[in-house]
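Chemist: Fold the following, please.
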Amino acid sequence: MESFNEAIELVALAIDAAGVAVIGIGMLVALFRYARAFAIAPGDAYRNFRQDLGKGILLGLEFLVAADIIRTVAIAPTLENAVTLGIIVLIRTFLSIALEVELEGRWPWHARSAR
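Modeler: As a prediction, this is how the structure comes out:
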């Protein structure tokens, strides 16, 4: 049973690392695209930079939540850990919704307007 817990911890750690890497790579891609676009259209470059960066953060948060769920459910499914996971998921969900509103200019449950 100990080797199973170690294997699951390694999986969760790998997913954590992937989440951090996604955020870092997203930041680098956003900076690269910003620098390239700034020379062409400086007005739109900043808005696009924020959207690219926000998308990278959102995707990274999804990985981090997945790792927390795996770690809590598979390794230590205690009530205290479940409550801690619930709080972490609530905070990250709030951050995701706030970023989505910032990026899209609307609530996630509202339909896109036809333009």
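Chemist: so where does the spatially most central residue of the chain fall, helix or strand?
Modeler: Nearest to the geometric centre of the chain sits L61, at 2.0 Å (CA atoms, centre = their mean). Assigned by DSSP states H and E, L61 belongs to helix 42-70.
Chemist: So for that helix, what gets flagged as buried?
Modeler: Buried residues in helix 42-70, defined by neighbour count with 16 or more other CB atoms under 10 Å: 45, 49, 51-58, 60-61, 63-65, 67-68, 70. To be clear about C-beta, it is placed using only N, CA and C from the backbone, and glycine gets the same treatment.
Chemist: what's the angle from the longest helix seen in the chain to helix 42-70?
Modeler: What stands out as the longest helix in the chain, according to DSSP state H, is helix 2-38. Helix 2-38 and helix 42-70 meet at an angle of 180 degrees, taking axes from the mean of the first three to the mean of the last three CA atoms, to 10 degrees as the criterion.
Chemist: For helix 2-38, name the packing helices and strands.
Modeler: Judged by 3 or more CB pairs under 8 Å, 6 or more residues apart in numbering; DSSP states H and E, the packing partners of helix 2-38 are helix 42-70.
Chemist: ok, and the closest non-adjacent residue to L13?
Modeler: Of all residues not flanking L13 in the chain, A67 sits nearest, at 7.5 Å (CB to CB, 6 or more residues apart in numbering).
Chemist: residue contacts, V89?
Modeler: 65, 68-69 (CB atoms under 8 Å, 6 or more residues apart in numbering).
Chemist: same check, this time on G60
Modeler: 19-20, 22-23, 26.
Chemist: again, but for I69
Modeler: 85, 89.
Chemist: what about the residue lying closest to I70 once chain neighbours are set aside, how many neighbours?
Modeler: Nearest residue to I70 in three dimensions, chain neighbours excluded: A12, at 4.7 Å (CB to CB, 6+ apart). Using other CB atoms under 10 Å, A12 has 19 neighbouring residues.
Chemist: circling back: can I get the buried part of the contacts of G60 as one ChimeraX selection?
Modeler: The ChimeraX selection below is limited to those of these classed as buried (16+ other CB under 10 Å):
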select :19,22,23,26
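Chemist: And the contacts of G60, which is closest to L79?
Modeler: Nearest to L79 among those: G19, at 25.6 Å, using CB to CB.
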